[in-house]
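Student: Need coordinates for the following:
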Amino acid sequence: MKIDIIGSQFTGRLTEFRSFPYDVNIFVSGQSFLSLLSKPYPVSMKDINTSDIAEISTAHRDLNKANLINLQESRAEVLMIDLLSELNTLVKYDGSYFNKQSFELLDTEVEYESIRKIEQFKAVKQHIIKLLN
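Tutor: Numbering: from 1, shown residues only. Sure thing, here's the model as predicted:
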């Protein structure tokens, strides 16, 4: 059975076991579920100011919401969501959610709104309910 996973690095480690019973189709790591479902803030990789390729890739995918298109087009039978990435510090910009670190790595300064964890979890709950409906 093919599955898609929105998860943390911990979930990624679980899929490495030989006894993991599923065929992983798409794995999204390090990105909040709430952030993934938001509108993008389009940037190119050259706009992200770090030499760490993992940070560049994560911030680029987070800001552009690149993984969402792949998940929408996926033919996997199951979507597994690991909510550990919801502990990431998120910010709100123009009604969308992003990992705070993604904006901190940009060359240009962006006026974003800090959100409290309780607000973040309420928004996650609302998005999950919409997804299930």
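
Student: Could I get the contacting residues of the most centrally placed residue in the chain?
Tutor: Nearest to the geometric centre of the chain sits residue 31, at 2.3 Å (C-alpha atoms, centre = their mean). Residue 31 makes contacts with 6, 58, 61-62, 67, 85, 88, 99, as judged by C-beta atoms under 8 Å, 6 or more residues apart in numbering. Backbone N, C-alpha and C define where each C-beta goes, glycine included.

Student: chain center to the helix ranked longest in the chain, what's the gap?
Tutor: Scanning the chain for the helix with the most residues, using DSSP state H, yields helix 117-132. Helix 117-132 has its C-alpha centroid displaced from the chain centroid by 14 Å (C-alpha atoms, centre = their mean, to the nearest Å).

Student: what does stretch 29-40 give?
Tutor: With C-alpha atoms, centre = their mean as the basis, stretch 29-40 stands 3 Å off its chain's centre.

Student: mind saving the C-alpha coords of stretch 74-92 as PDB?
Tutor: The C-alpha coordinates for stretch 74-92 follow below in PDB (Å, rounded to 0.1, in the frame of the first residue of the first chain):
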ATOM      1  CA  SER A  74      -0.500  11.900  -5.400                       C
ATOM      2  CA  ARG A  75      -2.400   8.600  -5.900                       C
ATOM      3  CA  ALA A  76      -1.400   7.300  -2.500                       C
ATOM      4  CA  GLU A  77      -4.200   5.400  -0.600                       C
ATOM      5  CA  VAL A  78      -3.300   6.800   2.800                       C
ATOM      6  CA  LEU A  79      -2.100  10.100   4.200                       C
ATOM      7  CA  MET A  80      -0.200   9.900   7.500                       C
ATOM      8  CA  ILE A  81       0.200  13.100   9.400                       C
ATOM      9  CA  ASP A  82       2.800  13.300  12.200                       C
ATOM     10  CA  LEU A  83       1.900  16.400  14.200                       C
ATOM     11  CA  LEU A  84       5.400  16.800  15.800                       C
ATOM     12  CA  SER A  85       6.300  19.500  13.200                       C
ATOM     13  CA  GLU A  86       3.400  21.500  14.600                       C
ATOM     14  CA  LEU A  87       5.700  22.400  17.400                       C
ATOM     15  CA  ASN A  88       7.700  24.500  15.000                       C
ATOM     16  CA  THR A  89       7.600  28.200  15.700                       C
ATOM     17  CA  LEU A  90       5.100  29.500  13.100                       C
ATOM     18  CA  VAL A  91       4.300  33.100  12.000                       C
ATOM     19  CA  LYS A  92       1.500  34.500  10.000                       C
END
